[in-house]
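Asks: What follows is a predicted protein model with its sequence.
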Amino acid sequence: MAKGMNSTHNNSTIQKAQFTKDMKKTHTIYMPDMLGYHNEFLKAAFAYAGYRLKIMSEDSGLTNYSLPHISGDYCLPAMAILGQMFATIESGKVDTRKIAFLEPQTGGACRAGNYYNSMVKSLDRAGYGYIPVISLNVYGQEKHEGFSITPALIRGAVAAVCYGDLLMTLLQQIRPYEKEPGATEKCYNLWTKRLVKCIRRGKYISRKARRKLYEEIVASFAKIERQSCQVGSDNGNKTSKIKVGITGEIYIKFSRIGNDNLEKFLQKQGCDYRMGGFVNYVIYIVNSERENQCLKKASPAVIKIFDGIIAYLLRLQRDINDAIAKGGFKPDASFSKLKKLATPIITKGCNVGDGWLIAGEVGDLVEQGYDHILIVHPFGCLVSHVCERGIMKKLHKAYPNVNLQTIECDYDTSKTLRESRLMLALSDLVNNKEQE
C-alpha cells in the first residue's frame, strides 16, 4: 500500500487538509453511496456547479477496510462509509493526490455527528492526512476555501432530490404490476439519462420547468401496461401481493449497502413495497432545527428565515405530489399530515435522529394499504432504539391488523439470519401472535 506524507497522530494537533480553489479543477470528490435513487442526479448537480463528484462504488468486504482504523463498536453506517473510503484509496484506481472525500451531515445527537472527524483522523493515522475531507452541511462548519454551497449547487441539488423522489415513487408503484417484465426499469433508466443531461446543463431545474416535466414523466410511466391489483383471494388462489412499507433510519432506509440490498430481496419475493421520499426528511430536518431555535429563544428574524425555507420546501413537495396524484398514483403524505399521524404515537419534540418522522411514515404507509411494515435501523443505534423500538407498543395498539417489525442491520449479521428475519416479517405469524 502506497503511503502518503507523514502526519502527526496526536488528535489535538491534526491539521485538516484543505480543499483549495485550485483543487476544484484538479480533484475528484468521492461521496459515500447513500441515496441510491438520487446519486446520479446529485453527480449532475455538482457538475453543474463546477465540481467533479463520484459515488464510491465498493460494496463488499467493507469492514475489512474499516476495522483496522476504527473500533468494532461503531455503527454500521460508520463501518460502511469508512470502509468505502479506504477501499477507494486501496483500489489502485485513484491518484490519492487528486481526490477528496465528502461526508453529508445534518447534525444531531448520534455517532453520525462524529463521522467527519473519524474520517479525518483515520486518514491521518493511515498516512493519507493530505486528502481533504469536505463536510456537506448548512451550518457553515468545517469550511474549505475551494468548496462552497453556491446558488448553482443549491438549484441543481433541489432538482436532483425532486426528480429522484418522483422517479422512485413511480418505479416502486408500477414495477410490481407491470405486464412486460423490465418495462418500468427501462422507462426509469431513460428518464434518468435524460434528466442527468438536463441538470448538468442547468436545464429543467427551475420550479416552473420542473413542474412541466413532472407531467411528462408521470404520463410516460402511466402508459406502462399493468396487471390489476386484486385484494384477497380468488377461488382459494391468492392473487394479491404482499404489500410492504419501509421506513427507519435514513442511511439504512435508502442505502443498498446499509440495508444489504433489501429492495432486491423484496423484488425476488414478488412484493409490492414502498418507502417515503427524501423531501419529507429534508423538511423534517429544517423543521427540527426551527424547533431547537425556538427553544433557544432565537430572534423572530431567525425564525422567519426557517419559516421561509420550510414554506419553500413545502411548495416543492406539493408540486411532486400533485403530479403523482394527477397521474393516478399515490403520493407521500404531506409533511403536516405526517406530523398529525405521528402525534398520537410520539411527541414532536422527539426530533433527534429520525425522531417522530418514522411514526408519521408508518401511519402514511398503513393508510396506503401496506399491512407489513419494516422499520430498519443500525444495530446498537440508541437513537433508533428510542424512536423505533420505543414506540412499537403504541404502534401495535394503533394498528392492530398490521404486521410491524423492526429490522436491525449490522456488519456481522449473516445473510441467512437476515433473510430468515425478513421472511418472518413478511408472514402473518408475528401479527397473529400479537392478536392472541
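Replies: In hand now; what should we look at?

Asks: Show the low-confidence segments of the protein, by residue range.
Replies: Under the criterion pLDDT under 70, the flagged ranges of the chain are 1-14, 106-113, 138-141, 229-239, 428-436.

Asks: middle-most residue in it, spatially?
Replies: Taking CA atoms, centre = their mean, the centroid of the chain lies closest to Phe254, which sits 3.9 Å from it.

Asks: Might you report the residue contacts of the residue nearest to it when sequence neighbours are not counted?
Replies: Here the nearest residue to Phe254 in space, its sequence neighbours aside, is Leu35; by CB to CB, 6 or more residues apart in numbering that works out to 5.2 Å. (Each C-beta comes from the backbone N, C-alpha and C, glycine too.) Taking CB atoms under 8 Å, 6 or more residues apart in numbering as the criterion, Leu35 is in contact with 42, 164, 254-255, 278.

Asks: If you count neighbours, what's buried in stretch 64-82?
Replies: Of the residues in stretch 64-82, 65-67, 69-70, 74-82 count as buried by neighbour count, 16 or more other CB atoms under 10 Å.

Asks: Of these, which is the nearest to Arg155?
Replies: Closest approach between the buried residues of stretch 64-82 and Arg155, by CB to CB: Ile81, at 26.9 Å.

Asks: Next, work out how far apart the closest one and Tyr65 are.
Replies: The gap separating Ile81 from Tyr65 is 11 Å, by CB to CB, to the nearest Å.

Asks: How many residues are close by Glu361?
Replies: 28 (other CB atoms under 10 Å).

Asks: Show me the contact partners of the host helix or strand of it.
Replies: Glu361 is located in helix 357-367, with elements delineated by DSSP states H and E. By CB under 8 Å, 6+ apart, the list of residues contacting helix 357-367 from outside reads 245-248, 274, 276, 280-281, 284, 332-333, 337-342, 345-346, 373, 375, 387-388, 391, 395, 398-399, 402, 404.

Asks: In CSV, list the C-alpha atoms belonging to it.
Replies: Written as CSV, here are the backbone C-alpha positions of helix 357-367 (Å, rounded to 0.1, in the frame of the first residue of the first chain):
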residue,chain,number,x,y,z
LEU,A,357,-40.8,11.1,11.3
ILE,A,358,-40.7,7.3,11.5
ALA,A,359,-44.1,7.2,13.3
GLY,A,360,-45.6,9.5,10.7
GLU,A,361,-44.3,7.4,7.8
VAL,A,362,-45.7,4.2,9.4
GLY,A,363,-49.1,5.9,9.6
ASP,A,364,-48.9,7.0,6.0
LEU,A,365,-47.9,3.6,4.7
VAL,A,366,-50.7,1.9,6.6
GLU,A,367,-53.2,4.3,5.2
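
Asks: coming back round to it: just list the residues touching the residue nearest to the centre of the chain, thanks.
Replies: Going by CB under 8 Å, 6+ apart, the list of residues near Phe254 reads 34-37, 275, 278.

Asks: Among the contacts of Leu35, which lie within helices?
Replies: Per DSSP state H, helices hold the following members of the contacts of Leu35: 42, 164, 254, 278.

Asks: Kindly provide the distance from the residue nearest to Phe254 to Ile310.
Replies: Leu35 is 21 Å from Ile310, where distance means CB to CB.

Asks: burial count for Cys162?
Replies: The number of residues packed around Cys162, counting by other CB under 10 Å, is 25.

Asks: Test my guess that it contacts Phe278.
Replies: No - with contact defined as CB atoms under 8 Å, Cys162 does not reach Phe278; the gap is 9.3 Å.

Asks: before we move on, the earlier item: and which of the ones in helices among the contacts of Leu35 is nearest Val120?
Replies: Leu42 (22.4 Å).

Asks: Double-check that closest one against Ala157; I have them as touching.
Replies: Yes - Leu42 is within contact range of Ala157, at 6.7 Å (criterion: CB under 8 Å).

Asks: Fine by me, thanks again.
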